[in-house]
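Engineer: Following is a predicted model, sequence given first.
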Amino acid sequence: FNSDPKVINSNSFDTIFSVFHITVTFQQSLIFFVVILSMIFLYFLLYKTKIGLQLRAVSSNRLFAELKGINSNKTILISAAISSFFAGLAGVLIILEQNIEPNMGFFMVFKGITATIAGGSKIQGAVIVALLIGILENISVWFFPSGYKNLVTFFVLIIMLLFRPKGLLGIKLREEVADD
């Protein structure tokens with residue numbers, strides 16, 4: 001055990017094919033389809049099930065959810081379990097594309113936090129911002145050295161905080177004005 005990068009040998013996944021002049025590996029297409037299926041599963045879990053309603057209620061207003069009979073501690077544990085499952089799945093998928101090293105997750109966590117903050121109060125906003133970060137990072141490689149790719153995330157966060165502090169799909173709360 002040491003801090004040297006480890007490589008997963010994936011010779012069985014070396015299939016490469018081209019779609020509209022874009023080269024795609026089998027790993028990349030597998031990751032894409034697993035992510036799409038995960039997003040669909042998460043959408044149905046959050047918006048079409050009782051536990052999804054409880055998760056949204058506790059995240060919106062924990063005290064009110066408890067008054068309505070929702071066990072918030074149990075709901076938070078379920079949320080942590082779901083998050084852990086998707087974090088593990090993301091880890092398995094990313095090692096298909098990258099070497100394994102001790103600090104490999106730092107920038108991914110930062111990108112996830114940036115997408116969450118800049119996306120606003122809706123999951124759809126976080127997904128849109130995450131896609132925007134990914135696209136901008138890959139476009140930036142055309143103009144700047146690839147070592148600067150992670151700076152795009154910082155710029156997206158700064159720009160969103162300056163111009164859309166409530167987030168991309170954030171809800172603007174009604175401001176009440178006191179009568180004089």
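Structural biologist: Now that the structure is in, tell me what you want to look at. Here the structure is a predicted model, which is why all the values come from computation and not from measurement.

Engineer: Once you drop chain neighbours, what's closest to residue 44?
Structural biologist: residue 52 (7.9 Å; CB to CB, 6 or more residues apart in numbering). C-beta: built from backbone N, CA, C; applies to glycine.

Engineer: cool, and residue 62?
Structural biologist: residue 72 (5.1 Å).

Engineer: how much space between that neighbour and residue 64?
Structural biologist: 10 Å (CB to CB, to the nearest Å).

Engineer: ok, these two, which is more surrounded?
Structural biologist: Neighbours per residue, other CB atoms under 10 Å: of residue 72 and residue 64, the larger number sits with residue 72, 15 against 11.

Engineer: Give me the three-state assignment for the residue positioned nearest the centre of the chain.
Structural biologist: Taking CA atoms, centre = their mean as the criterion, residue 112 is the residue nearest the geometric centre of the chain, at 4.6 Å. Recorded secondary structure, residue 112: helix (DSSP: H, G, I helix; E, B strand; the rest coil).

Engineer: who touches it in this structure?
Structural biologist: Applying CB atoms under 8 Å, 6 or more residues apart in numbering, we find residue 112 in contact with residue 130.

Engineer: let's go with 6 Å and repeat that
Structural biologist: Counting by CB atoms under 6 Å, 6 or more residues apart in numbering, residue 112 touches no other residue.

Engineer: Check the one 3 residues further on too.
Structural biologist: Residue 115 makes contact with 126, 129-130, according to CB under 6 Å, 6+ apart.

Engineer: Can you select the buried ones among those for me in ChimeraX?
Structural biologist: Buried members of those, defined by 16 or more other CB atoms under 10 Å, are picked up in ChimeraX with:
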select :126,129,130
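
Engineer: which among the contacts of residue 115 gets closest to residue 160?
Structural biologist: Comparing the contacts of residue 115 against residue 160 with CB to CB places residue 129 closest, at 7.3 Å.

Engineer: Quick one: name whatever helix or strand follows the helix or strand harbouring the closest one.
Structural biologist: Using DSSP states H and E, residue 129 maps to helix 123-143. Toward the C-terminus, helix 123-143 is succeeded by helix 151-163 as the next helix or strand (DSSP H and E).

Engineer: Neighbouring strands of the lowest-mean-pLDDT helix or strand in the chain in the sheet, and parallel or not?
Structural biologist: The least trusted helix or strand in the chain, going by mean pLDDT, DSSP states H and E, turns out to be strand 16-19, with a mean of 74. Sheet pairing of strand 16-19 (DSSP bridges) gives strand 22-25 (antiparallel).

Engineer: what mean pLDDT would you report for the helix or strand following the partner strand?
Structural biologist: Downstream of strand 22-25, the first helix or strand assigned by DSSP H and E is helix 26-48. On average, the pLDDT along helix 26-48 is 90.
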